[in-house]
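Participant: Sequence plus predicted model, see below.
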Amino acid sequence: MQTCTLQGSSLTLSRIGYGCMGMAGSWDATPLGDGDVARAANAVATAVDLGITLFDHADIYCRGKSEEVFGRLLADQPGLRDRVVLQSKCGIRFADDPAPGVPARYDFSRDHIVASVEASLRRLRTSHLDILLLHRPDPLWEPDEVAHAFDSLHASGKVRHFGVSNHTAAQIAALQSTIDQPIVANQVQLSLWHAALITDGIVFNRNAPAIAGVTGTLDYCREHHILVQAYSVMGKGTRLVPGGDADAADRATADLITRLAHRHVVSREAIVVAWILRHPAGIQPVLGTRTPERLRACCEADGVSLSREEWYALLTAAQGEPLP
């Protein structure tokens, strides 16, 4: 698989990343079972064989069990840690944690950031994270708190690089102005069917529905060499084979995807992922499937180069309307 070097670092990233959100299966208190470990091992082995180096976690994924099962794999394969780039996220807190009645919330306090990272390191059985992302913006964030947390984690060697997830351009700029470490990544929802980050500039000055916060975010990330990572790349997977209740745009898009898959001799999944890869911002899709066959199908995108005309045809089909 093609690779790139993360800006300002020595990290080599695969063009496509692997998202570990559902790696442990359940989001309840059920302990990990042998089946969970076996499925995770199979998925990770497939990803590594395909050339994927970036593995994306969060402290909340399967309530910590996704990091835990990945840590078991690292312990069982001592050489694996040196072959992968480990990324995790923190900042989202569940309801009833740490006591019943406590609401769900976001938490960028120094104590929570540091404690979350230390817990992730224990579960992952590693000495450091290559990248830490702040998961969702905390309206109550205090600049000094975040700065102190980042300084402490960086100085101790527990985190090498820092980034964000689901942050707007303005939020990234505000955060960057208060910390010494560069923001290296912003992970956001982006797909052929959820393309506002990209279409933001196209619909400028039009009476069109807007998705909050996207204005200027992609351009800002490009200007400041911040890697954009895309999650939910496949949107709703059922859109590849739309049901009888699908609207005209979904049916037209599915038909076009099928035709392009035949033209490029790849899977339909690969065409969807290739649409993200075609963008000159160098966006990194983060795939979350636990099915090895589907992961292989998606990674066929690494060998696809869509033409400008094919890219725009997909965009307009999925949007369900012509360009302005």
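Facilitator: Right, received. Where do you want to start?

Participant: Asp255: neighbouring residues, count only.
Facilitator: By other C-beta atoms under 10 Å, 12 other residues sit near Asp255. Bear in mind the C-beta positions are built from the backbone N, C-alpha and C, glycine included.

Participant: ok, now the one 10 residues further on?
Facilitator: Number of residues near Val265 (other C-beta under 10 Å) recorded here: 10.

Participant: ok, now the one 4 residues further on?
Facilitator: Using other C-beta under 10 Å, Glu269 is surrounded by 25 other residues.

Participant: thought it was touching Arg239?
Facilitator: No. The pair Glu269 / Arg239 is not scored as a contact, 11.2 Å apart, by C-beta atoms under 8 Å.

Participant: how near is Gln187 to Leu74?
Facilitator: Applying C-beta to C-beta, to the nearest Å, the value for Gln187 to Leu74 is 22 Å.

Participant: for the stretch 51-200 of the chain, what spans make up the helices?
Facilitator: Ranges of helices in the stretch 51-200 of the chain, per DSSP state H, counting those that start in this stretch, are 65-76, 110-124, 143-155, 169-176, 196-199.

Participant: Quick one: list the elements packing against the fourth one.
Facilitator: Which is helix 169-176. With contacts defined as 3 or more C-beta pairs under 8 Å, 6 or more residues apart in numbering; DSSP states H and E, helix 169-176 has these neighbours: helix 143-155, strand 159-165, strand 183-189, helix 217-223.

Participant: pull the CA atoms of that helix into CSV?
Facilitator: Provided in CSV are the C-alpha atoms of helix 169-176 (Å, rounded to 0.1, in the frame of the first residue of the first chain):
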residue,chain,number,x,y,z
ALA,A,169,-11.2,25.3,11.6
ALA,A,170,-11.8,28.0,14.2
GLN,A,171,-11.6,25.5,17.0
ILE,A,172,-8.3,24.1,15.7
ALA,A,173,-6.9,27.6,15.4
ALA,A,174,-7.9,28.5,19.0
LEU,A,175,-6.4,25.3,20.3
GLN,A,176,-3.2,25.7,18.3
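
Participant: Quick one: end-to-end distance for stretch 190-205.
Facilitator: Terminal residues of stretch 190-205 are spaced 22 Å apart (C-alpha to C-alpha, to the nearest Å).

Participant: Tell me which residues are up against that stretch.
Facilitator: Residues outside stretch 190-205 that contact it (C-beta atoms under 8 Å, 6 or more residues apart in numbering): 188, 210-211, 214-219, 228, 230-236, 239, 253, 272, 275-276, 279, 283, 314-315, 318-319, 323-324.

Participant: residue ranges of the strands in the stretch 1-150 of the chain, please?
Facilitator: Listed in chain order, the strands of the stretch 1-150 of the chain (DSSP state E, counting those that start in this stretch) span 3-5, 12-14, 17-19, 54-56, 85-90, 92-93, 105-106, 129-134.

Participant: just the ones you listed: most buried one?
Facilitator: Comparing the strands of the stretch 1-150 of the chain by mean neighbour count (mean count of other C-beta atoms under 10 Å), strand 54-56 comes out on top with a mean of 27.

Participant: List the contacts of it.
Facilitator: By C-beta under 8 Å, 6+ apart, strand 54-56 touches 13-14, 17-20, 44, 47, 70, 84-89, 187, 229, 284, 286.

Participant: Give me the sheet partners of it and which way each runs.
Facilitator: Strand 54-56 has the following sheet partners, assigned by DSSP bridges: strand 17-19 (parallel), strand 85-90 (parallel).

Participant: Which one, of the ones you listed, ends up nearest to Ala104?
Facilitator: For the strands paired with strand 54-56, the distance to Ala104 is smallest for strand 85-90, at 14.6 Å, taking C-beta to C-beta.

Participant: Distance from the chain centre to that closest one, please.
Facilitator: Centroid displacement of strand 85-90 relative to its chain, using C-alpha atoms, centre = their mean, to the nearest Å, is 10 Å.

Participant: swap in stretch 21-33?
Facilitator: Remark: stretch 21-33 is offset 19 Å from the chain centroid, using C-alpha atoms, centre = their mean.

Participant: can you check stretch 31-41 too?
Facilitator: Here the centre of mass of C-alpha atoms in stretch 31-41, compared against the chain's by C-alpha atoms, centre = their mean, lies 23 Å away.

Participant: can you dump the C-alpha coordinates of it into CSV?
Facilitator: Extracted C-alpha coordinates of stretch 31-41, given in CSV (Å, rounded to 0.1, in the frame of the first residue of the first chain):
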residue,chain,number,x,y,z
PRO,A,31,-15.8,-9.5,29.3
LEU,A,32,-13.8,-10.3,26.2
GLY,A,33,-14.3,-13.8,25.0
ASP,A,34,-12.1,-16.1,22.9
GLY,A,35,-14.3,-15.3,19.9
ASP,A,36,-13.7,-11.6,20.3
VAL,A,37,-9.9,-12.1,20.4
ALA,A,38,-9.9,-14.4,17.4
ARG,A,39,-11.9,-12.0,15.3
ALA,A,40,-9.7,-9.1,16.3
ALA,A,41,-6.6,-11.1,15.5
